[in-house]
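# Quick one, structure for this:
(chains A, B, C and D)
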There are 2 protein chains.
Amino acid sequence: MHLVPADRANHRTIDGHRVCEAIAAIGDAEHVQAWAERFSLLADPGRLSLLLALHETGPLAVSDLAVATGMKDPAVSQALRLLRAGGLVTGDRDGRIVRYRLIDPAVAEVLAHGVLGYRE
Amino acid sequence: MHLVPADRANHRTIDGHRVCEAIAAIGDAEHVQAWAERFSLLADPGRLSLLLALHETGPLAVSDLAVATGMKDPAVSQALRLLRAGGLVTGDRDGRIVRYRLIDPAVAEVLAHGVLGYRE
DNA sequence: TGCAAGCCTGCACACCTGCGCAGGTGTTGC
DNA sequence: GCAACACCTGCGCAGGTGTGCAGGCTTGCA
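Numbers count the residues shown, from 1 in each chain, chains lettered A, B, ... in the order given. Below is the predicted model:
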């Protein structure tokens, strides 16, 4: 395996073959970037609380989310906008109420196996 | 279930019982905070690449990680310091070489079931 | 029609973060 | 001792991020 890009080939390495394995493990840069952005959305307690509520409880209105999380409604709205821009949630309008729900299966998996799976 | 804290009890709610379910789903604030910090560490492409390399390949030296990720060694060192402070990795010194490895099982789970599980 | 509920937006503020450079510490080998 | 190597640290810059407030928009109901 010669996965080391040409611009780094002249660097010294300690375990050359392990470097190639590591490059293979990291994989596509765009894939890593996409996941980093996902995790960035999960990295705020407010947004994480919103996602947990939506994941476990299902469709919820903005004002109910505000009460459940203790956030103010502009903050909830702003957080949901970011989550919607990232493709993690979507909102269904019902009159003057908008109910949001989680639509990203990968994030749902992370919440289930990670956050909810490791709380004692 | 009356899980709504007293300071929010006077707010109007759309689905009162769902709010309580949501509060139960969110759980402990410290737990959410701890996971938000974990995700914050995963939210950088550089750190995420390092963690993927360590997770799949095992113990790796700093300079090898720099070659594998294309980062400069101060950046790798800085990233590893943050990951170490967060309890995600640890380093074993062998002479002038320090080999790092992933020690957080929850993060390993997220990497396996999330990042690596959802790449097609 | 008038009013309130529900939700969204814009703006300004302080804060934090990642990065690169230069330089430092400790170890190995000549 | 001296030089090369592996790794770490401090500093400053640029850029992004969360937050609060005030206000606007649309919908539903009397």
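# Would you mind listing what in chain A touches DNA strand C?
Contacts of chain A with DNA strand C, taken as Cβ under 7 Å from any atom of the strand, map to A:61-64, A:73-74, A:76-78, A:80-81, A:91, A:96-99. Heads up, the C-betas are built off the backbone N, CA and C, glycines and all.
# Can you select the buried ones from those in ChimeraX?
Here is the ChimeraX command that selects only those of the residues of chain A next to DNA strand C that count as buried (16 or more other Cβ atoms under 10 Å in any protein chain shown):
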select /A:61,62,63,64,76,80,91,98,99
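# Could you export the one helix or strand A:Val67 maps to as PDB, CA atoms only?
Element membership for A:Val67, per DSSP states H and E: helix A:62-69. Below are the C-alpha coordinates for helix A:62-69, written out as PDB (Å, rounded to 0.1, in the frame of the first residue of the first chain):
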ATOM      1  CA  VAL A  62     -41.200  24.900  19.200                       C
ATOM      2  CA  SER A  63     -42.700  26.300  22.400                       C
ATOM      3  CA  ASP A  64     -42.900  22.800  23.900                       C
ATOM      4  CA  LEU A  65     -39.300  22.300  23.200                       C
ATOM      5  CA  ALA A  66     -38.600  25.600  24.800                       C
ATOM      6  CA  VAL A  67     -40.300  24.600  28.000                       C
ATOM      7  CA  ALA A  68     -38.700  21.100  28.000                       C
ATOM      8  CA  THR A  69     -35.200  22.400  27.600                       C
END
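# what sits up against the next helix or strand after it?
Per DSSP H and E, helix A:62-69 leads on to helix A:73-85 as the next helix or strand towards the C-terminus. Contacting residues not belonging to helix A:73-85 are listed as A:41, A:44, A:46-47, A:50-51, A:62-63, A:65-66, A:69, A:71, A:89-91, A:100 [Cβ atoms under 8 Å, 6 or more residues apart in numbering or on different chains].
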